[in-house]
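In: I would like the atomic coordinates for the input below:
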Amino acid sequence: MALASFLTRTGAVLALCLISSAALAAGDIGGATMGAAWALPFAGMLLSIALGPVLFPHFWELNYGKFAAFWSVLVLAPLVLSRGFDPALGALLHMGLLDYIPFIILLFALFTIAGGILIMGNLHGTPATNTVLLAIGTLMASFVGTTGASIIMIRPILRANDARRFNVHVIVFFIFLVSNIGGSLTPLGDPPLFLGFLRGVSFFWTTTHLLPETGFAVIVLLALFYALDSWFYRKEEGLPPLKDPTPDRDIKLYGKINIALLGGVILAILMSASWKPGIAFTVHGISVEWQNLARDVILLALAGLSLKLTPGPVRAGNEFSWGPIKEVAKLFAGIFICIIPVLAMLQAGRNGAFAPLVALVSHADGTPNTIAYFWLTGALSSFLDNAPTYLVFFELAGGDPKALMTTGALTLAAISAGAVFMGANSYIGNAPNFMVYAIAKDRKVAMPSFFGYMLWSGAILIPLFLVQTLIFFR
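Out: Predicted coordinates:
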């Protein structure tokens, strides 16, 4: 904390010293004149998140906030020095008020409400039962988020298969479907899509435009899982049965009030998309619309109701704690600060430092290369957080939601699918992946290593994505 405090104070002093030197309008940081070095803190931030939990987990657990503060000040201090206080403050407030705060409030609400839904009891993990459980979790992910669905469904599916000799594949497919691909149909499902919603993509656009790609992927993966699980199940029949630590018993659902509260979350977001009172207040030139403020207040109120109305033993049954959401809040604060100059450079298009990247995702005639958008967004989302990756390519495609939803619909679909689907390629591609890995390993499932998991995803998901490219993104 001392380092974070020192760096923050240093940045503030530099800012105050340069108030009078502001030469640009608030929020305009001149992306066209920035060099590629401005992107280094963003790359450092994402690499820290990707490698820290793997290479030095205990140190990372204690110091991830300091990493976020360090990289953030490496952006903010030079930004104030070179651009002036007003433009830097304007850019920071724009990102914070319009992107970061609504983003974190939604994640907080979904995390809190989903953590109050507990499924108890135990089913026998037959291939049919497992397939149905995966299908339920996959469908649930688009409405409670991939993190929420993973929290709710991982323990029931672990209990159903704790007497199986071969159960690793069950958790691997769970990560594929519930923790990633299932969250692709609404902005509630996965953080990248909610960032698109905040940028102006309509709520049901993803439902209608990603339904074919998602449906194809889900059907193929469920069919493949059923065939694979049936093969393992038959293989176990000739072996002595293992003692079942959680014998079969009726399924019971606790915390039902939270299902209604999740409905309230959906209604609040739909309200913010459809109700346009034309009222806003401004902070340093940044306009915050009334409907968005009302949405965020309602989401916080729904989370508060969940905390008040859910019995303590229900949350205890889910092993609920505030640690994960605190980590997400601190790390994403760093991500959103570090991405400020990156987005400014992307908005400069062919006149900015990322002109080679613009050329890479464009055909010779200037039209977008949807295959490149799908695979580049996906490749980065496989190892870096998929939410900022989505933002980068959203801006690279022009950043105009109206154009992207109509004439650029295929490009936006490729970016959205790449970010959500390919988060499943590694344990660090999407936040729930590593959480599911940790829970399963704690329950004595012999989970594959980091590279072992990538053998699974490489053998199953990459061929699937190649087929999807030929069908949907050519």
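
In: Same question for stretch 186-197: list its buried residues.
Out: For stretch 186-197, the buried set under the neighbour-count rule, 16 or more other C-beta atoms under 10 Å, comprises 186-197. Yep, even glycine has a C-beta here, placed from its N, CA and C like the rest.

In: just those residues now: which is nearest residue 33?
Out: residue 195 (26.1 Å; C-beta to C-beta).

In: What pLDDT is listed against the closest one?
Out: Looking at residue 195, its pLDDT is 87.

In: next one: residue 17
Out: Per-residue confidence (pLDDT) for residue 17: 34.

In: Then residue 9?
Out: On the pLDDT scale, residue 9 is placed at 39.

In: One more: residue 319?
Out: pLDDT for residue 319: 78.

In: okay, the buried residues of stretch 186-197 in CSV with distance to residue 331 next?
Out: Below are the buried residues of stretch 186-197 laid out as CSV (distance: C-beta to C-beta, whole Å):
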residue, distance to residue 331
186, 24
187, 21
188, 21
189, 20
190, 16
191, 12
192, 15
193, 19
194, 16
195, 15
196, 20
197, 21
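
In: so of those residues, which ones are in strands?
Out: Counting by DSSP state E, no part of the buried residues of stretch 186-197 is found in strands.

In: Filter these down to the ones in helices?
Out: 191-197 (DSSP state H).

In: So residue 387 sits against residue 192, correct?
Out: Yes: if you go by C-beta atoms under 8 Å, residue 387 and residue 192 touch, sitting 4.9 Å apart.

In: any common contacting residues for these two?
Out: Common contact partners of residue 387 and residue 192 (C-beta atoms under 8 Å, 6 or more residues apart in numbering): residue 419.

In: Run through the strands of this protein in chain order.
Out: 118-122, 249-254, 280-283, 286-289.

In: So, low pLDDT: which residues of the chain?
Out: Regions of the chain meeting the criterion pLDDT under 70 cover residues 1-27, 241-248, 384.

In: Nearest the geometric middle of it, what residue?
Out: residue 191 (3.7 Å; C-alpha atoms, centre = their mean).

In: Nearest spatial neighbour of that one, chain-adjacent residues omitted?
Out: Once flanking residues are discounted, residue 191 sits nearest to residue 387: 4.0 Å by C-beta to C-beta, 6 or more residues apart in numbering.

In: quick one on the thing from earlier: need the strands of the chain in a markdown table (columns: distance to residue 217).
Out: As requested, the strands of the chain are exported to a markdown table (distance: least, C-beta to C-beta, whole Å):
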| stretch | distance to residue 217 |
| --- | --- |
| strand 118-122 | 25 |
| strand 249-254 | 27 |
| strand 280-283 | 40 |
| strand 286-289 | 35 |
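
In: check contacts around residue 370.
Out: Residue 370 touches 410-411, 413-414, 473-474, counting by C-beta under 8 Å, 6+ apart.

In: Next, format these as TSV and append neighbour count and distance to residue 467.
Out: Formatted as TSV, the contacts of residue 370 follow (neighbours: other C-beta atoms under 10 Å; distance: C-beta to C-beta, whole Å):
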residue	neighbour count	distance to residue 467
410	17	17
411	25	20
413	23	16
414	30	15
473	21	11
474	8	11
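
In: Now do the contacts for the residue nearest to the centre of the chain.
Out: When the contact criterion is C-beta under 8 Å, 6+ apart, the partners of residue 191 are 103, 107, 386-387.

In: Pick out whichever of those residues sits closest to residue 290.
Out: Nearest to residue 290 among these is residue 103, at 18.8 Å by C-beta to C-beta.

In: could you pull out the helices for the stretch 101-250 of the chain?
Out: Along the stretch 101-250 of the chain, counting by DSSP state H, counting those that start in this stretch, helices occupy 101-114, 127-160, 168-177, 191-198, 205-237.

In: Against which helices or strands is the last one packed?
Out: Judged by 3 or more C-beta pairs under 8 Å, 6 or more residues apart in numbering; DSSP states H and E, helix 205-237 is in contact with helix 127-160, helix 168-177, helix 409-421, helix 450-472.

In: that older thread, just curious, which of the contacts of residue 370 is nearest to residue 378?
Out: Using C-beta to C-beta, residue 414 comes nearest to residue 378 of the contacts of residue 370, at 9.0 Å.

In: Just the helices from the stretch 251-400 of the chain, written as ranges.
Out: Per DSSP H, counting those that start in this stretch, the stretch 251-400 of the chain carries helices over the ranges 257-274, 290-309, 312-317, 323-347, 355-360, 370-383, 386-396.

In: looking at the contacts of residue 191, which has the most residues close by?
Out: The most crowded member of the contacts of residue 191, judged by other C-beta atoms under 10 Å, is residue 386 (29 neighbours).

In: Next up, the contacts around it.
Out: By C-beta under 8 Å, 6+ apart, the residues touching residue 386 are 190-192, 419-420, 422-423, 429-430.

In: Find the residue closest to residue 411 in space, skipping its chain neighbours.
Out: residue 368 (4.5 Å).

In: Excluding sequence neighbours, find me the nearest residue to residue 422.
Out: With C-beta to C-beta, 6+ apart as the criterion, residue 422 has its nearest non-adjacent residue at 3.2 Å, and that residue is residue 378.

In: List the contacts of the one you found.
Out: 417-419, 421-422, 425, 465.

In: Repeat that for residue 229.
Out: Counting by C-beta under 8 Å, 6+ apart, residue 229 touches 127, 130-131, 169-170.

In: now it: how far from residue 421?
Out: Going from residue 229 to residue 421 by C-beta to C-beta, to the nearest Å gives 22 Å.

In: Kindly report the same for residue 35.
Out: 33 Å.

In: repeat for residue 321
Out: From residue 321 to residue 421 the distance is 29 Å (C-beta to C-beta).

In: more crowded one of these two?
Out: Legend: neighbour count by other C-beta under 10 Å for residue 321 and residue 421, higher for residue 421 (30 against 11).

In: Not counting residues beside it along the chain, what's closest to the more buried one?
Out: Sequence neighbours aside, residue 181 is the residue nearest to residue 421 in space, at 5.5 Å (criterion: C-beta to C-beta, 6+ apart).
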